[in-house]
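Peer 1: build me a model:
(chains A, B, C and D, ligands or ions: 4)
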2 protein chains.
Amino acid sequence: MRIGELARELGVSTDTLRFYEREGWLPRPVRAENGYRSYRSDDVEHLRLLLNLRRIDLPLEEAARLASWCHAGHCETTSSSLPALIATRRSDVRARIDELRRLDERLDELQAHLVGRTELSVIGPSTSCCSAAAAIFDAVEGSCRCCAVANAEGDA
Amino acid sequence: MRIGELARELGVSTDTLRFYEREGWLPRPVRAENGYRSYRSDDVEHLRLLLNLRRIDLPLEEAARLASWCHAGHCETTSSSLPALIATRRSDVRARIDELRRLDERLDELQAHLVGRTELSVIGPSTSCCSAAAAIFDAVEGSCRCCAVANAEGDA
DNA sequence: TCTTGACATTGGAGTCACTCCAAGGTCTAG
DNA sequence: CTAGACCTTGGAGTGACTCCAATGTCAAGA
Ligand SMILES: [Zn+2]
Ligand SMILES: [Zn+2]
Ligand SMILES: [Zn+2]
Ligand SMILES: [Zn+2]
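Peer 2: Ligands and ions are numbered 1, 2, ... in the order given. Below is the predicted model of the structure:
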């Protein structure tokens, strides 16, 4: 099995495979007479394991270490630490999801604000900056400075 | 205002500020007699704008460009493109959230599988790999090879 | 036979957005 | 006088790839 075929089958780039090998995260496969890498089924399994560990967002170093341990059959250690590892990973993932949800909410507010204020943009730039900038400036932080400016001008 | 104070106030590191300046993402502030950077309120506003744009996860280059435009008062262009920009950003964020949720589900399944199978691990390593590796190997992909192995050995 | 095209090889540089460091200069309080 | 908190610079390191140039290999078609 050559590198391109393996890469296609497992959904990564040949560059990634060569990078893994170069940095020592994967064992070097045997070479054919022409110098091409020739992957055996054992190599394929090792790589598949590594990629699965990467898919649960383990850092490459940890994934590679674990993959080698498992592949070499030293999995008692791994077996006992694995649930804790997964638990940590889950809380990381959830924290990131919460972060992104908050970001999405902020974006939602900002979008609504910008759309709702389209008519008001004829007021033009405020003293310190234009209204669009003020909107970003403030909507992201939760309080709106450009509205205050607009209201003040509307009252005047 | 010196760099440390500004950094503390806006919640970034001094390294980040020097990096932004060095790479041209922020204008250079005036220097005091001793060579220290001296930030004016205008600089602070520009930086705050840039950081707000970064907080909605715009790439630094785009955030800096937009911040400069807005800060210079050329915001008509910005006003018209901003809703589209936000919309794109939102769909990116949502896609990432979905990805992470799928990951969380996979981790949940994997965890349940590992915990539920503790007794079965006495079966020991299968022919190709140990059961822990097999679990990662397969649970991440949705079908479980180690169970098949265990069942086969149980039947034998 | 020759050529075209798809594949492979290597080392090295680039990406993004910081982050850390060493070696030094400056200022304030005790 | 000294400790410490601050500031300066240029440069290297991070993670996980990604892209590139220059070159080599091989099978199929004209
Ligand atoms: Zn503006
Ligand atoms: Zn407003
Ligand atoms: Zn194993
Ligand atoms: Zn199983």
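
Peer 1: A:Gln47 contacts A:Leu17, doesn't it?
Peer 2: Quick fix: residue A:47 is Leu, not Gln. Yes: if you go by CB atoms under 8 Å, A:Leu47 and A:Leu17 touch, sitting 7.5 Å apart. (C-beta placed from N, C-alpha, C; glycine too.)

Peer 1: what touches both of those two?
Peer 2: A:6, A:26 (CB atoms under 8 Å, 6 or more residues apart in numbering or on different chains).

Peer 1: look at the two and report which has more neighbours.
Peer 2: For A:Leu47 and A:Leu17, the more surrounded residue by other CB atoms under 10 Å in any protein chain shown is A:Leu47, and the numbers stand at 25 against 22.

Peer 1: quickly find the element holding the more buried one.
Peer 2: Of the helices and strands defined by DSSP states H and E, A:Leu47 is found in helix A:41-55.

Peer 1: I'd like the next helix or strand past that helix.
Peer 2: helix A:60-72.

Peer 1: show me what counts as buried in that following helix.
Peer 2: Neighbour-count burial for helix A:60-72, counted by 16 or more other CB atoms under 10 Å in any protein chain shown, picks out A:63-71.

Peer 1: what does stretch A:100-108 give?
Peer 2: A:100, A:103-104, A:106-107.

Peer 1: what's the lowest-pLDDT member of those?
Peer 2: Least confident of the buried residues of stretch A:100-108 in the model: A:Arg106, at 76.

Peer 1: which SSE is that residue in?
Peer 2: Using DSSP H and E, the element containing A:Arg106 is helix A:75-116.

Peer 1: who does that helix touch, helix- and strand-wise?
Peer 2: In terms of contacts (3 or more CB pairs under 8 Å, 6 or more residues apart in numbering or on different chains; DSSP states H and E), helix A:75-116 is packed against helix A:60-72, helix A:131-139, helix B:75-116, helix B:131-139.

Peer 1: for the last one, the averaged confidence score.
Peer 2: If I follow you right, that is helix B:131-139. Rounded mean pLDDT across helix B:131-139 is 52.

Peer 1: ok, the first one next?
Peer 2: The pLDDT scores in helix A:60-72 average 83.

Peer 1: A:Ile86 and A:Ile56 touch, don't they?
Peer 2: Yes: counting by CB under 8 Å, A:Ile56 is a contact partner of A:Ile86 at 7.5 Å.

Peer 1: is stretch A:102-112 in proximity to DNA strand C?
Peer 2: No: shown here: stretch A:102-112 not in contact with DNA strand C (CB under 7 Å from any atom of the strand), separated by at least 14.3 Å.

Peer 1: I appreciate the help and will end here.
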